[in-house]
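With the sequence up front, the predicted model follows.
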Amino acid sequence: MSHPFGSYQNEIYLNGLAGILPRFPMVHAELEAKAQAALPPSVWSYVAGGAGDEHTQRANTTAFQRWGLIPRMFVGASQRDLSVDLFGMTLPAPLFMAPVGVLGICAQDGHGDLATARAAAHTGVPMAASTLSADPMEEVAAEFGATPGFFQLYTPTDRELAQSLVHRAERAGFKAIVVTLDTWVTGWRPRDLATSNFPQLRGHCLANYTSDPVFRARLDRAPEEDPQAAALMWTQIFGNPLTWADLPWLRSLTELPLIVKGLCHPDDVRRAKDLGVDGIYCSNHGGRQANGGLPALDALPAVVEAADGLPVLFDSGIRSGADIVKAIALGATAVGVGRPVAYGLALGGADGVVHVLRSLLAEADLIMAVDGYPTLADLTPEALQRVT
Ligand SMILES: Cc1cc2nc3c(=O)[nH]c(=O)nc-3n(C[C@H](O)[C@H](O)[C@H](O)COP(=O)(O)O)c2cc1C
Ligand SMILES: CC(C)CC(=O)C(=O)O
């Protein structure tokens with residue numbers, strides 16, 4: 001079978017890995033280069049790019065190189081258990097797909113959200129479905145199979161619309177709500193400014209709005225008749241600069257686990273915990289929002305300490321199985337992967353995403369085998385040493 005990643009055969013690996021062996025190896029630099037070649041330049045710029053000169057984006061990945069896992073011997077780690085409990089769900093591994101909006105632009109048929117959801121069904125790795133989707137959330141959720149899904153909310157300024165989106169997510173069977181706090185306004189992204197990207201992206205991310213009864217009621221004419229007016233309305237209501245005073249309202253919207261995304265300061269974590277959130281999501285949006293910030297990994301230990309037992313999700317910079325292992329050792333309950341999923345989608349649709357996820361999991365699993373850490377509970381900060 002021909003495949004964008006080339007072919008790969010080595011039976012010796014089959015002894016170590018149960019069911020998660022990818023057909024082909026993945027090294028991130030290769031994935032990235034192939035995705036760049038496959039995508040139109042403006043799409044590539046949007047997905048791969050970040051804020052400012054992208055210093056923080058680069059620092060997110062290099063931060064992992066400052067930690068080394070210390071191998072343990074005589075452990076006999078022939079059986080590993082990567083499963084994790086999260087809000088009453090048992091996940092096969094501490095991995096999920098971070099919310100990525102506008103996924104449709106990475107898929108040849110424009111339905112990238114559906115393809116990604118199918119990859120979730122196939123792997124058991126949950127997808128956090130973005131508000132900014134080319135397909136309505138109900139159709140995305142219908143592809144999840146037995147795999148749980150999370151709905152990521154960009155809180156609009158219109159509270160009734162926010163409530164409608166959350167209630168639809170509940171009815172569609174999503175198992176948690178992730179509210180993103182760090183992107184109520186889009187960051188300074190020179191690549192997108194240079195390509196004037198945003199107007200063309202809009203055509204690929206409004207399905208959750210145009211299918212919403214509250215949104216539709218705000219329009220004089222249906223979005224099918226006047227898409228421009230719908231797009232304009234969206235730009236007007238997109239981002240709500242929420243404050244702490246809004247958190248009780250957010251909490252009251254749902255009985256599903258509520259996770260707040262974008263927290264990096266321990267004081268914010270303590271306050272969110274006091275106000276009743278169920279999970280903390282430590283992230284700097286993959287360096288897309290503000291340049292000059294701390295690499296997300298460097299924020300993680302203090303966030304975990306402040307969370308004081310509350311589950312901590314983490315993303316920003318995960319590019320390999322080794323990165324997953326290190327983030328878990330630093331206290332993350334589960335880690336999210338963003339751009340690599342979009343690259344897999346660009347190269348092979350749902351199969352490409354499956355491939356990326358399996359590569360990450362297979363590498364994490366083999367590292368745990370070779371280095372003698374058979375379960376996630378064995379991965380503690382003591383497993384790591386600071387390299388520089
Ligand atoms: C193209 C793109 C679109 C994104 N859209 C969203 C989104 O709709 N909602 C959200 O919370 N985060 C969004 N993010 C941020 C991701 O959830 C995640 O924080 C980030 O990609 C993690 O960093 P990584 O790409 O280094 O893995 C987006 C990221 C990318 C690359
Ligand atoms: C349209 C953007 C606000 C979506 C997003 O979260 C991103 O591009 O990082």
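Thanks, I have it. Because the structure is a prediction, the values reported are computed rather than measured. Ligands and ions are numbered 1, 2, ... in the order given.

how far away is residue 335 from ligand 2?
18 Å (C-beta to the nearest ligand atom, to the nearest Å). Bear in mind the C-beta positions are built from the backbone N, C-alpha and C, glycine included.

Tell me both backbone torsions, phi and psi, for that residue.
Dihedral pair for residue 335: phi -120, psi 150, per degrees, to the nearest 10.

Do I have it right that it meets residue 314?
Yes: in this structure, residue 335 is within contact of residue 314 by C-beta atoms under 8 Å, at 5.0 Å.

Please enumerate the shared neighbours of the two.
Common neighbours of residue 335 and residue 314, using C-beta atoms under 8 Å, 6 or more residues apart in numbering, are residue 327.

Just say helix, strand or coil for residue 96.
strand (DSSP: H, G, I helix; E, B strand; the rest coil).

Pull the number of nearby residues for it.
27 (other C-beta atoms under 10 Å).

ok, the residue nearest to it when sequence neighbours are not counted - how many residues close by?
Nearest non-adjacent residue to residue 96, counting by C-beta to C-beta, 6 or more residues apart in numbering: residue 126, 4.4 Å away. Other residues near residue 126 come to 24 when the count uses other C-beta under 10 Å.

what does the one 10 residues further on give?
Residue crowding around residue 136 was assessed by other C-beta under 10 Å; the count is 18.

how much space between it and ligand 2?
For residue 136 relative to ligand 2 (C-beta to the nearest ligand atom), the value is 18 Å.

mind listing what that residue touches?
With C-beta under 8 Å, 6+ apart, residue 136 has these contacts: 207-208, 211.

Now do it against residue 343, distance only.
25 Å (C-beta to C-beta, to the nearest Å).

Would you mind listing what in the stretch 51-200 of the chain touches ligand 1?
Contacts of the stretch 51-200 of the chain with ligand 1, taken as C-beta under 6 Å from any ligand atom, map to 60, 98-102, 130, 132, 152, 180.

want to throw these into TSV with distance to ligand 2?
Listed next are those as TSV, based on distance: C-beta to the nearest ligand atom, whole Å:
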residue	distance to ligand 2
60	13
98	10
99	8
100	8
101	4
102	6
130	7
132	5
152	9
180	7
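
Which members of those residues occur in strands, if any?
In strands, defined here by DSSP state E, the members of these are 152, 180.

What is the most widely separated pair among the residues of the stretch 51-200 of the chain next to ligand 1?
60 and 132 (21.3 Å; C-beta to C-beta).

quick revisit: what residues does the residue nearest to residue 96 make contact with?
89, 91, 96-97, 120, 147-150, 175.

before we move on, what about residue 357?
95, 97, 119, 123, 125, 337, 341, 344.

what do you get for residue 219?
226, 229-230, 233.

If you count neighbours, what's buried in stretch 242-255?
Buried positions in stretch 242-255, judged by neighbour count with 16 or more other C-beta atoms under 10 Å: 242, 246-247, 250-251, 253-254.

Repeat that for stretch 70-79.
In stretch 70-79, counting by 16+ other C-beta under 10 Å, buried: residue 77.

One more: stretch 178-191?
178-184, 187, 189, 191.

Determine which two of those are furthest apart.
179 and 191 (26.7 Å).

circling back: would TSV of the residues of the stretch 51-200 of the chain next to ligand 1 with pLDDT be doable?
Below are those laid out as TSV (pLDDT from 0 to 100):
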residue	pLDDT
60	98
98	99
99	98
100	98
101	97
102	94
130	98
132	97
152	99
180	98
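
hmm, the helix or strand that residue 42 is a member of touching ligand 2?
Using DSSP states H and E, residue 42 sits in helix 41-48. No: judged by C-beta under 6 Å from any ligand atom, helix 41-48 stays clear of ligand 2, getting no closer than 6.9 Å.

Show me the contact partners of that helix.
In contact with helix 41-48 (C-beta under 8 Å, 6+ apart) are residues 32, 35-36, 39, 102, 105-106, 191-192, 194-195, 197, 200-201, 339, 342-343, 346.

where in the stretch 1-150 of the chain is pLDDT low?
1-25 (pLDDT under 70).
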